[in-house]
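1. Predicted model follows, preceded by the sequence.
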Amino acid sequence: MVASDTVITLKGSVEIVSEFFFTAINSILYQRGIYQPETFKRESKYGLTVLTTTDKGLLTYLSSVMSQMESWLTDGDVQRLALVVSGIDSGETLERWQFNVTVDNGADGSVEISRGGNDENASHNVMKGSADKAKMGKKTVKEVHDEIQAIIRQITASVTFLPLLNEPCSFDLLIYTNTTAVVPKKWADSDPCYIMNSQEVKLRSFTTSFHKVDSMVTYKEKDEWEL
(Lines give C-alpha, C1' and ligand atoms only; values in the text may rest on other atoms or scores of the structure.)
Protein backbone atom coordinates (compact mmCIF):
# COMPACT_ATOMS: atom_id res chain seq x y z
CA MET A 1 0.00 0.00 0.00
CA VAL A 2 1.30 3.47 -0.92
CA ALA A 3 1.80 5.89 1.97
CA SER A 4 -0.55 8.88 1.90
CA ASP A 5 2.33 11.39 1.79
CA THR A 6 4.02 9.65 -1.16
CA VAL A 7 4.50 11.74 -4.29
CA ILE A 8 2.88 10.10 -7.31
CA THR A 9 4.66 8.54 -10.30
CA LEU A 10 3.06 7.66 -13.63
CA LYS A 11 2.54 4.06 -12.50
CA GLY A 12 0.97 5.28 -9.27
CA SER A 13 -1.26 7.66 -11.24
CA VAL A 14 -2.53 4.83 -13.43
CA GLU A 15 -3.33 2.75 -10.32
CA ILE A 16 -5.16 5.67 -8.68
CA VAL A 17 -7.29 6.43 -11.76
CA SER A 18 -8.15 2.74 -12.27
CA GLU A 19 -9.08 2.31 -8.61
CA PHE A 20 -11.25 5.43 -8.80
CA PHE A 21 -13.09 4.07 -11.85
CA PHE A 22 -13.68 0.74 -10.08
CA THR A 23 -15.00 2.48 -6.96
CA ALA A 24 -17.13 4.97 -8.92
CA ILE A 25 -18.70 2.20 -11.04
CA ASN A 26 -19.56 0.18 -7.93
CA SER A 27 -21.02 3.25 -6.23
CA ILE A 28 -23.21 4.07 -9.25
CA LEU A 29 -24.45 0.49 -9.60
CA TYR A 30 -25.36 0.46 -5.90
CA GLN A 31 -26.91 3.94 -5.67
CA ARG A 32 -28.98 3.47 -8.84
CA GLY A 33 -30.17 0.01 -7.84
CA ILE A 34 -28.77 -1.77 -10.91
CA TYR A 35 -27.75 -4.65 -8.62
CA GLN A 36 -29.46 -5.72 -5.40
CA PRO A 37 -28.04 -3.98 -2.28
CA GLU A 38 -27.37 -7.32 -0.56
CA THR A 39 -24.76 -8.11 -3.25
CA PHE A 40 -22.50 -5.30 -1.99
CA LYS A 41 -20.12 -5.15 0.95
CA ARG A 42 -18.87 -2.13 2.86
CA GLU A 43 -15.23 -1.11 2.64
CA SER A 44 -13.19 1.84 3.87
CA LYS A 45 -11.58 3.89 1.11
CA TYR A 46 -10.70 7.57 0.60
CA GLY A 47 -11.75 8.22 4.20
CA LEU A 48 -15.28 7.03 3.35
CA THR A 49 -17.34 3.88 3.61
CA VAL A 50 -17.84 2.68 0.03
CA LEU A 51 -19.83 -0.23 -1.41
CA THR A 52 -18.14 -2.93 -3.50
CA THR A 53 -19.93 -5.74 -5.32
CA THR A 54 -19.59 -9.35 -4.21
CA ASP A 55 -21.21 -10.67 -7.40
CA LYS A 56 -18.61 -13.00 -8.93
CA GLY A 57 -19.71 -12.44 -12.52
CA LEU A 58 -19.63 -8.66 -12.13
CA LEU A 59 -16.25 -8.77 -10.35
CA THR A 60 -14.77 -10.85 -13.18
CA TYR A 61 -16.12 -8.43 -15.78
CA LEU A 62 -14.90 -5.32 -13.96
CA SER A 63 -11.48 -6.89 -13.32
CA SER A 64 -11.08 -7.57 -17.03
CA VAL A 65 -12.12 -4.02 -17.96
CA MET A 66 -9.85 -2.41 -15.37
CA SER A 67 -6.88 -4.51 -16.49
CA GLN A 68 -7.27 -3.26 -20.06
CA MET A 69 -7.94 0.25 -18.80
CA GLU A 70 -4.60 0.30 -16.94
CA SER A 71 -2.79 -0.71 -20.13
CA TRP A 72 -4.45 2.05 -22.14
CA LEU A 73 -3.91 4.63 -19.37
CA THR A 74 -0.20 3.80 -19.23
CA ASP A 75 0.03 4.32 -22.97
CA GLY A 76 -1.90 7.60 -22.80
CA ASP A 77 -4.69 6.20 -24.98
CA VAL A 78 -7.79 6.73 -22.81
CA GLN A 79 -10.00 9.70 -23.65
CA ARG A 80 -13.05 8.90 -21.55
CA LEU A 81 -15.01 6.21 -19.75
CA ALA A 82 -18.81 6.17 -19.91
CA LEU A 83 -21.17 4.08 -17.81
CA VAL A 84 -24.51 3.82 -19.62
CA VAL A 85 -27.69 2.83 -17.78
CA SER A 86 -30.46 1.50 -20.05
CA GLY A 87 -34.00 0.35 -19.38
CA ILE A 88 -34.40 -3.38 -20.06
CA ASP A 89 -38.06 -3.06 -21.07
CA SER A 90 -37.90 0.22 -23.00
CA GLY A 91 -34.39 -0.18 -24.41
CA GLU A 92 -33.85 3.52 -23.78
CA THR A 93 -30.66 5.07 -22.42
CA LEU A 94 -31.72 6.64 -19.12
CA GLU A 95 -28.40 7.80 -17.64
CA ARG A 96 -24.90 8.34 -18.94
CA TRP A 97 -22.10 8.80 -16.43
CA GLN A 98 -19.02 10.15 -18.19
CA PHE A 99 -15.44 10.52 -16.95
CA ASN A 100 -13.15 12.46 -19.30
CA VAL A 101 -9.43 11.73 -19.03
CA THR A 102 -6.70 14.12 -20.12
CA VAL A 103 -2.94 13.88 -19.76
CA ASP A 104 -1.87 16.53 -17.27
CA ASN A 105 1.51 18.12 -17.86
CA GLY A 106 1.82 19.24 -14.26
CA ALA A 107 4.49 16.67 -13.47
CA ASP A 108 8.18 17.52 -13.42
CA GLY A 109 8.81 17.69 -17.15
CA SER A 110 6.27 16.94 -19.83
CA VAL A 111 4.66 13.54 -20.21
CA GLU A 112 5.29 12.50 -23.80
CA ILE A 113 3.55 9.57 -25.40
CA SER A 114 4.76 7.81 -28.54
CA ARG A 115 4.25 4.58 -30.40
CA GLY A 116 6.64 1.79 -29.43
CA GLY A 117 8.16 1.00 -32.82
CA ASN A 118 6.67 -1.05 -35.63
CA ASP A 119 6.92 -4.52 -34.09
CA GLU A 120 3.68 -6.33 -34.95
CA ASN A 121 3.99 -8.38 -31.77
CA ALA A 122 4.07 -5.32 -29.53
CA SER A 123 1.00 -5.52 -27.30
CA HIS A 124 0.87 -1.87 -26.35
CA ASN A 125 2.38 1.57 -26.76
CA VAL A 126 5.34 2.66 -24.65
CA MET A 127 6.31 5.84 -22.88
CA LYS A 128 8.91 7.85 -24.77
CA GLY A 129 12.26 7.53 -23.04
CA SER A 130 13.10 4.93 -20.45
CA ALA A 131 13.05 7.34 -17.52
CA ASP A 132 9.61 8.90 -18.05
CA LYS A 133 7.73 6.34 -15.93
CA ALA A 134 9.84 7.37 -12.96
CA LYS A 135 9.00 11.08 -13.23
CA MET A 136 7.45 12.45 -10.09
CA GLY A 137 4.27 14.48 -9.86
CA LYS A 138 3.75 17.45 -7.56
CA LYS A 139 0.79 16.07 -5.59
CA THR A 140 0.68 13.51 -2.81
CA VAL A 141 -1.63 10.52 -2.68
CA LYS A 142 -3.56 12.09 0.20
CA GLU A 143 -4.23 15.27 -1.78
CA VAL A 144 -5.61 13.24 -4.68
CA HIS A 145 -7.68 10.99 -2.40
CA ASP A 146 -9.27 14.10 -0.84
CA GLU A 147 -10.37 15.22 -4.31
CA ILE A 148 -11.70 11.75 -5.16
CA GLN A 149 -13.58 11.64 -1.85
CA ALA A 150 -15.58 14.70 -2.95
CA ILE A 151 -16.60 12.98 -6.22
CA ILE A 152 -17.69 9.79 -4.47
CA ARG A 153 -19.77 11.91 -2.08
CA GLN A 154 -21.46 13.53 -5.09
CA ILE A 155 -22.25 10.14 -6.62
CA THR A 156 -23.79 9.08 -3.30
CA ALA A 157 -25.85 12.28 -3.21
CA SER A 158 -27.03 11.85 -6.82
CA VAL A 159 -30.20 10.09 -5.65
CA THR A 160 -31.45 13.51 -4.50
CA PHE A 161 -31.65 14.93 -8.05
CA LEU A 162 -31.73 11.99 -10.48
CA PRO A 163 -35.16 10.70 -11.56
CA LEU A 164 -36.28 7.35 -10.21
CA LEU A 165 -35.52 4.40 -12.45
CA ASN A 166 -38.99 2.92 -12.85
CA GLU A 167 -37.98 -0.22 -14.74
CA PRO A 168 -35.30 -2.91 -14.41
CA CYS A 169 -32.03 -1.60 -15.84
CA SER A 170 -28.77 -2.90 -17.23
CA PHE A 171 -25.47 -1.12 -17.77
CA ASP A 172 -22.66 -0.97 -20.30
CA LEU A 173 -19.13 0.41 -20.04
CA LEU A 174 -17.83 2.37 -23.02
CA ILE A 175 -14.15 3.31 -23.24
CA TYR A 176 -13.08 5.92 -25.79
CA THR A 177 -9.45 5.58 -26.90
CA ASN A 178 -7.07 7.20 -29.35
CA THR A 179 -7.15 5.72 -32.86
CA THR A 180 -3.61 4.42 -32.30
CA ALA A 181 -4.64 2.25 -29.33
CA VAL A 182 -4.16 -1.50 -29.58
CA VAL A 183 -7.65 -2.97 -29.14
CA PRO A 184 -8.12 -6.67 -28.26
CA LYS A 185 -10.44 -8.61 -30.59
CA LYS A 186 -12.98 -9.23 -27.82
CA TRP A 187 -13.68 -5.48 -27.67
CA ALA A 188 -16.24 -4.17 -30.16
CA ASP A 189 -17.36 -0.77 -31.44
CA SER A 190 -20.51 0.53 -29.79
CA ASP A 191 -23.21 3.11 -30.23
CA PRO A 192 -22.39 6.16 -28.03
CA CYS A 193 -25.80 5.83 -26.32
CA TYR A 194 -26.50 9.57 -26.13
CA ILE A 195 -29.71 10.73 -24.47
CA MET A 196 -32.30 12.89 -26.20
CA ASN A 197 -34.03 15.60 -24.12
CA SER A 198 -31.42 15.30 -21.41
CA GLN A 199 -30.16 17.24 -18.42
CA GLU A 200 -26.48 17.34 -17.50
CA VAL A 201 -24.89 17.79 -14.08
CA LYS A 202 -21.16 18.34 -13.85
CA LEU A 203 -19.42 16.76 -10.89
CA ARG A 204 -16.03 17.56 -9.39
CA SER A 205 -12.71 16.64 -10.98
CA PHE A 206 -9.38 15.39 -9.70
CA THR A 207 -5.83 15.41 -10.98
CA THR A 208 -2.81 13.29 -10.12
CA SER A 209 -0.28 15.58 -11.87
CA PHE A 210 -0.24 13.00 -14.68
CA HIS A 211 -3.94 12.48 -15.36
CA LYS A 212 -6.95 14.74 -14.92
CA VAL A 213 -10.43 13.23 -14.65
CA ASP A 214 -13.56 15.35 -15.16
CA SER A 215 -16.90 13.81 -14.16
CA MET A 216 -20.49 14.40 -15.20
CA VAL A 217 -23.84 12.65 -15.41
CA THR A 218 -26.47 13.09 -18.11
CA TYR A 219 -29.99 11.82 -17.52
CA LYS A 220 -33.26 11.58 -19.40
CA GLU A 221 -35.61 14.42 -18.59
CA LYS A 222 -39.02 13.19 -17.51
CA ASP A 223 -41.95 14.03 -19.77
CA GLU A 224 -44.62 16.16 -18.17
CA TRP A 225 -47.10 13.31 -18.09
CA GLU A 226 -44.59 11.20 -16.15
CA LEU A 227 -44.15 13.74 -13.35
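-> Thanks, I have the structure now. Numbers count the residues shown, from 1 in each chain.

2. For residue 212, give the beta-bridge partners.
-> Beta bridges link residue 212 to residue 102, residue 207, judged by DSSP bridges.

3. what's the burial count for it?
-> 17 (other C-beta atoms under 10 Å). Any C-beta I mention is one placed from the backbone N, CA and C, and that applies to glycine too.

4. Just list the residues touching it, thanks.
-> Contacts for residue 212 were tallied using C-beta atoms under 8 Å, 6 or more residues apart in numbering; they are 101-104, 205-206.

5. Let me know the closest of these to residue 156.
-> Checking these against residue 156 with C-beta to C-beta, the nearest one is residue 206 at 16.1 Å.

6. Only whichever of the contacts of residue 212 are buried, select them in PyMOL.
-> Remark: buried members of those, expressed as a PyMOL selection using 16 or more other C-beta atoms under 10 Å:
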select buried, resi 101+103+104+205+206
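
7. Looking at pLDDT only, which of the contacts of residue 212 scores worst?
-> When the contacts of residue 212 are compared by pLDDT, residue 104 scores lowest at 73.

8. ok, and the closest non-adjacent residue to that one?
-> Using C-beta to C-beta, 6 or more residues apart in numbering and skipping the chain neighbours, the partner closest in space to residue 104 is residue 212 (4.6 Å).

9. got it, and residue 79?
-> Leaving out its chain neighbours, the residue that sits closest to residue 79 by C-beta to C-beta, 6+ apart is residue 176, at 4.2 Å.

10. Would you mind measuring from the one you found to residue 142?
-> 30 Å (C-beta to C-beta, to the nearest Å).

11. ok, the two, which is more surrounded?
-> Using other C-beta under 10 Å, the more surrounded residue of residue 176 and residue 142 is residue 176, with 17 against 13.

12. and that one, how far is that from residue 188?
-> With distances taken as C-beta to C-beta, residue 176 is found 14 Å from residue 188.

13. repeat for residue 213
-> Look at residue 213 and residue 188: by C-beta to C-beta, they are 25 Å apart.

14. With neighbour numbers in mind, choose between these two.
-> The neighbour count for residue 213 versus residue 188, taken as other C-beta under 10 Å, is higher for residue 213 (25 against 6).

15. pLDDT wise, what is that one at?
-> On pLDDT, residue 213 comes in at 97.

16. For it, list the residues it contacts.
-> By C-beta under 8 Å, 6+ apart, the contact set of residue 213 is 17, 20, 99-101, 205-207.

17. Could you do residue 53 as well?
-> Shown in contact with residue 53 (C-beta under 8 Å, 6+ apart): 26, 29-30, 35, 39-41, 59, 62.

18. again, but for residue 184
-> Contacts for residue 184 (C-beta under 8 Å, 6+ apart) come out as residue 68.

19. who's in contact with residue 50?
-> Here residue 50 is in contact with 23, 26-27, 42-44, 152 (C-beta under 8 Å, 6+ apart).
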